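> Predicted model follows, preceded by the sequence.
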Amino acid sequence: GESVGLHLPTLSVQEGDNSIINCAYSNSASDYFIWYKQESGKGPQFIIDIRSNMDKRQGQRVTVLLNKTVKHLSLQIAATQPGDSAVYFCAENRAGNQFYFGTGTSLTVIP
Amino acid sequence: NAGVTQTPKFQVLKTGQSMTLQCAQDMNHEYMSWYRQDPGMGLRLIHYSVGAGITDQGEVPNGYNVSRSTTEDFPLRLLSAAPSQTSVYFCASSVDRGQSPLHFGNGTRLTVT
């Protein structure tokens, strides 16, 4: 999961396994959430988003789950591939104001 | 379709120097913003703009200026660089503020000595 600190949480998975990356968000009034992927030396890349009126949303090989009761967001990546190795972080927004970003989780896929 | 383009990719400044980080988008997005990314911290908002001629401060605006004369361009100016401004800077745009995904450029890595 994500945390504030000098060292990123890390997750290592075998190629082909499923990955789950977690995010604890801070504001119970947040109503829009995004997952981003950031590869080394590049900008954040949009993966998937979800609004607070949904609990689950699926994309291609990715699923986002939202648990508003415990302010928790997760990203599931199916059949993880080496190209999925990157830092993943979540962003939250309340009522169209500014986004607040987590510090990220570093995912390493072992071939 | 280039998306969000940032220049330069790398820059080294001496304390007290000024410079402008360039950002351009070709998606006709009304909303543009600047973030800085520092180790151990999430992206932090510096300044943003909801349309040409309109700018506002974000979370960490001190030491930076912006302007938005066109929809496409949103330059960030460092007035008098300080070592605390050593960071990676990202420009982002979206259709609107806070209800659509942000599209990011590939960043400018700035070192102030």
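Okay, I see it.
> In the chain, where is pLDDT below threshold?
No chain specified, so I'll use chain A. Scanning chain A for pLDDT under 70 picks out A:1-7.
> hmm, I had chain B in mind actually
B:1.
> Name the nearest residue to the spatially most central residue of it, sequence neighbours excluded.
Most central in chain B under CA atoms, centre = their mean is B:Trp34, positioned 2.9 Å from the mean C-alpha point. Distances taken as CB to CB, 6 or more residues apart in numbering or on different chains put B:Ile46 closest to B:Trp34, at 4.3 Å, once the chain neighbours are dropped. C-beta here means a position set from N, CA and C on the backbone, and glycine is covered the same way.
> tell me the contacts of that neighbour?
Neighbour list for B:Ile46: B:33-36, B:58-61, B:64, B:66, B:76, B:89 [criterion: CB atoms under 8 Å, 6 or more residues apart in numbering or on different chains].
> hey, C-alpha coordinates of the helix or strand hosting B:Cys91 in PDB?
Using DSSP states H and E, B:Cys91 falls within strand B:87-94. Taking Å, rounded to 0.1, in the frame of the first residue of the first chain, the C-alpha atoms of strand B:87-94 are listed here in PDB:
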ATOM      1  CA  SER B  87      12.700  18.800  -8.200                       C
ATOM      2  CA  VAL B  88      11.000  17.200 -11.200                       C
ATOM      3  CA  TYR B  89       8.300  19.400 -12.600                       C
ATOM      4  CA  PHE B  90       5.300  18.100 -14.500                       C
ATOM      5  CA  CYS B  91       2.700  20.000 -16.500                       C
ATOM      6  CA  ALA B  92      -0.700  18.500 -16.800                       C
ATOM      7  CA  SER B  93      -3.900  19.300 -18.700                       C
ATOM      8  CA  SER B  94      -7.500  18.100 -18.600                       C
END
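> in its sheet, what does it sit against?
strand B:31-37 (antiparallel), strand B:103-104 (antiparallel), strand B:108-112 (antiparallel) (DSSP bridges).
> hey, where'd the strands end up in chain A?
Counting by DSSP state E, one finds strands in chain A at the ranges A:10-14, A:19-24, A:32-38, A:45-51, A:56-58, A:62-67, A:72-77, A:86-93, A:100-101, A:105-110.
> Please disregard the earlier target; I meant chain B.
So, for chain B - with DSSP E - the strands run B:4-7, B:10-13, B:19-25, B:31-37, B:44-51, B:54-57, B:64-66, B:76-78, B:87-94, B:103-104, B:108-112.
> how about these, which one is nearest A:Val87?
Of all the strands of chain B, strand B:31-37 sits nearest to A:Val87, with 10.4 Å by CB to CB.
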